[in-house]
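Participant: Need coordinates for the following:
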Amino acid sequence: MNTLIDVAVADGRFKTLAKALTAAGLVDTLKGAGPFTVFAPTDAAFAKLPAGTLDGLLKDIPKLTALLKYHVLAGKVTAADVAKLDGKTTKTLNGETLKVSTQGGVKLNGQVHVAKTDIVASNGLIHVIDSVLMLK
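Facilitator: Here you go, the predicted structure:
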């Protein structure tokens with residue numbers, strides 16, 4: 001079975017995410033044993049960022065790395081597991097927390113919608129999100 005990176009690249013909706021993960025040197029991490037859960041912004045989600053934001057991040061590797069790790073949880077967290085987190089927070093790989101809400105669909109930090117869940121990879125799961133999770 002394919003790793004998180006293989007599945008994301010094959011999907012075709014995550015070209016910008018793949019480019020960012022490569023720039024940040026996180027590809028090998030997400031090809032590793034894991035398991036990991038990735039809240040993966042689509043290319044359309046990255047396109048919503050204000051002009052110049054992505055280019056700025058690609059030039060600031062420490063900031064880019066922190067942002068990308070904000071989209072990853074350690075362990076395999078299924079949609080059912082996420083639903084149990086309603087009203088709670090969960091810690092990401094960069095040490096920051098995400099607030100989970102299930103009112104009117106699953107949302108992260110009150111604004112980012114989880115559009116598709118439980119895309120299976122050999123080393124974890126991908127949940128598709130409609131916006132990039134920005135660090136405070």
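
Participant: what's residue 99 in contact with, if anything?
Facilitator: By C-beta atoms under 8 Å, 6 or more residues apart in numbering, the residues touching residue 99 are 88, 89, 108, 109, 110. No exception for glycine: its C-beta is placed from N, CA and C like everyone else's.

Participant: who wins for most neighbours among those residues?
Facilitator: Counting neighbours by other C-beta atoms under 10 Å, residue 108 leads these with 22 neighbours.

Participant: tell me the contacts of the closest residue to that one other than its chain neighbours?
Facilitator: Excluding the flanking residues, the one nearest residue 108 by C-beta to C-beta, 6 or more residues apart in numbering is residue 98, at 5.0 Å. Contacts here follow C-beta under 8 Å, 6+ apart; on that basis residue 98 touches 39, 70, 89, 90, 92, 108, 109, 133.

Participant: Quick check: bridge partners of residue 98?
Facilitator: Under the criterion DSSP bridges, residue 98 forms beta bridges with residue 90.
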